[in-house]
Every structure is written in C-alpha cells, then in structure tokens.
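Q: can you look at this prediction? I've put the sequence above it.
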Amino acid sequence: MISAPQQIGDTKIELQWLVESQLISYYSWQKGNNQEVWQLQNLHHDVALIDDFFSQRADYQGTDFAHIGDDHSDPFLIKMVTLGFIEHGASGFYDDKGNALDGTHQY
C-alpha cells in the first residue's frame, strides 16, 4: 500500500493506494471544517456476484431529465409534468398551462 498525504493550499488530501489491486482504498480531503472520507468497504472477486451487480443496473430504465417535457410515452412522467401538451413554434415560450406567449425570436 502506498499512502500519499498532501497539502494543497489550505486543503489536506490523503490517498491510500493498493498497488497489487490497483485500487484506491482510502481517500479524504479536509478544508477548514469541511471534510469528506471515502473508505473501501469490501472487495469481491466472485464473477457471478459481479455480473449480477452490473446486470441489475443495466436493466434500470433511465430518463434524460433535460428532455423530460418531450416524453409523452411514460405514464409516470406524464403525471409528473403538468404543463400539458405544448406545440413547438410561435415564440417558443409558454405559460404553466401550455399556452403560447406573445413574442418572436430575435436573430
């Protein structure tokens, strides 16, 4: 294991590296009263356990929240977004009921 405590300005950083595993086992930083510590809890080499871990996450349905208003197919998102259907065009600006506001784009 390699330990590398450092001081960068007023921030203290410590890193412990497991050479043979090529993993960080401990990481911390402290600046004034703020501190964060990450500690390796356990390490698994069982391939079936690892495959199960990643397969559970691969099946998780993600959502691109930047385009959440464009998704009219997911019932949960339809209930969550209460703007109603918005037609694109006109000014591109709408009130909370989906009604187009006056104005035009300036180029």
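A: Received the coordinates, thanks. Numbers count the residues shown, from 1 in each chain.

Q: just give me the neighbour total for residue 28.
A: For residue 28, the tally of surrounding residues (other Cβ atoms under 10 Å) stands at 15. Yep, even glycine has a C-beta here, placed from its N, CA and C like the rest.

Q: after the helix or strand that contains it, which helix or strand is next?
A: Following DSSP states H and E, one finds residue 28 within strand 23-31. For strand 23-31, the following helix or strand on the C-terminal side (DSSP H and E) is strand 34-39.

Q: show me how the record splits this protein into domains.
A: 2-41, 44-84 (automatic domain parsing).

Q: residues of the shortest one that come out buried?
A: Of the residues in domain 2-41, those with enough neighbours to count as buried (16 or more other Cβ atoms under 10 Å) are 15, 16, 25, 29.

Q: dump the residues you listed to CSV, plus pLDDT.
A: Below are the buried residues of domain 2-41 laid out as CSV (pLDDT from 0 to 100):
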residue, pLDDT
15, 93
16, 93
25, 94
29, 94
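
Q: looking at the residues you listed, spot the one nearest residue 101.
A: Relative to residue 101, the closest of the buried residues of domain 2-41 is residue 29; by Cβ to Cβ it sits at 46.5 Å.

Q: how near is the closest one to residue 39?
A: As for residue 29, its distance to residue 39 is 13 Å (criterion: Cβ to Cβ, to the nearest Å).

Q: before we move on, the earlier item: what is the nearest of the buried residues of domain 2-41 to residue 54?
A: Nearest to residue 54 out of the buried residues of domain 2-41 is residue 25 (Cβ to Cβ; 21.7 Å).

Q: in this protein, which spans are strands?
A: Assigned by DSSP state E, the chain shows strands spanning 2-3, 6-8, 11-18, 23-31, 34-39.

Q: tell me which stretches of the protein form helices.
A: Counting by DSSP state H, the chain has helices at residues 47-58, 75-80.
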